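> here's my sequence, what's the structure:
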Amino acid sequence: MTWKGRFWTEFWAVLLLGCLPVAFSYWYGNVAELTKTMDSLLSSGFIANYSIALSLVFFAVAAIERFLWKRTEASRSFWAFVSDVFTEVGTGLIVFLRLGVGAMIAFPTLWFFVEPESFELKKVVHFYMGGVFTFFVTLLVSYGYEYVKIKWRRRPWIDSSLSRSASP
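Numbering: from 1, shown residues only. Here you go, the predicted structure:
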């Protein structure tokens, strides 16, 4: 995927995962519901650390599968399985970042529309700056994840065995 395509994918993911829950929690609830939603979107330190650890393990497993020679079919199958598992669970950091970006951008925007008389840009500029910076971090992590998933995870031994079995 190109950087432009990744940008728009992340933009919509941030909107759907982070911005809309903040807006809906206020519109369908009240300030107390908004506070609970913000607390849940900006999760605990443990969840953030766990998500980072799973993402690091994903990249390490992908590197092992890609760059270390596996002698037997059994070892190749084992590493392919481990890599498949961590491909699924390694996206936690990306989801966590998307939620945070959405919350950082949605909260001051909601404030601007709900209480424009008390809104002051100098009070919320750090939210916007943090949101934009975190969006670009999310973009980089997401692009790196896609690159590893698509480019590193090619399995020539599987592809060649499939093409041999398909031929007459």
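> next, the contact list for Ala60, please.
By C-beta atoms under 8 Å, 6 or more residues apart in numbering, no residues touch Ala60. Backbone N, C-alpha and C define where each C-beta goes, glycine included.
> and it, how close does it get to Ile94?
Separation of Ala60 from Ile94 (C-beta to C-beta, to the nearest Å) stands at 17 Å.
> and the pLDDT for Phe112?
Reported pLDDT at Phe112 in the predicted model: 92.
> with adjacent residues omitted, what lies nearest to it?
Leaving out its chain neighbours, the residue that sits closest to Phe112 by C-beta to C-beta, 6 or more residues apart in numbering is Phe119, at 4.9 Å.
> and the one you found, backbone torsions?
Main-chain dihedrals, Phe119, degrees, to the nearest 10: phi -70, psi 130.
> for it, the count of nearby residues, please.
The number of residues packed near Phe119 is 14, by other C-beta atoms under 10 Å.
> residue ranges with poor pLDDT in this structure?
42-43, 153-168 (pLDDT under 70).
> would you map the helices across it?
Secondary structure of the chain (DSSP state H): helices at 3-14, 20-28, 31-41, 45-67, 73-89, 92-114, 121-147, 156-166.
> so which of those is the most surrounded?
Of those, the one with the most neighbours on average (mean count of other C-beta atoms under 10 Å) is helix 92-114, at a mean of 21.
> give me the angle between that one and helix 31-41.
Angle, helix 92-114 to helix 31-41, by axes from the mean of the first three to the mean of the last three C-alpha atoms, to 10 degrees: 160 degrees.
> just want the angle from helix 92-114 to helix 3-14.
Using the same axes, to 10 degrees: helix 92-114 against helix 3-14 is 70 degrees.
> what angle do helix 92-114 and helix 20-28 make?
Here helix 92-114 points in a direction 40 degrees away from that of helix 20-28 (the same axes, to 10 degrees).
> pull the distance from helix 92-114 to the chain's centre.
Mean-position distance between helix 92-114 and its chain equals 14 Å (C-alpha atoms, centre = their mean, to the nearest Å).
> okay but Val61 is in contact with Phe86, surely?
Yes. Judged on C-beta atoms under 8 Å, Val61 makes contact with Phe86 at a distance of 4.7 Å.
> quick one: the spatially most central residue of the chain and Leu140, what's the gap?
Taking C-alpha atoms, centre = their mean as the criterion, Ile94 is the residue nearest the geometric centre of the chain, at 1.5 Å. Going from Ile94 to Leu140 by C-beta to C-beta gives 10 Å.
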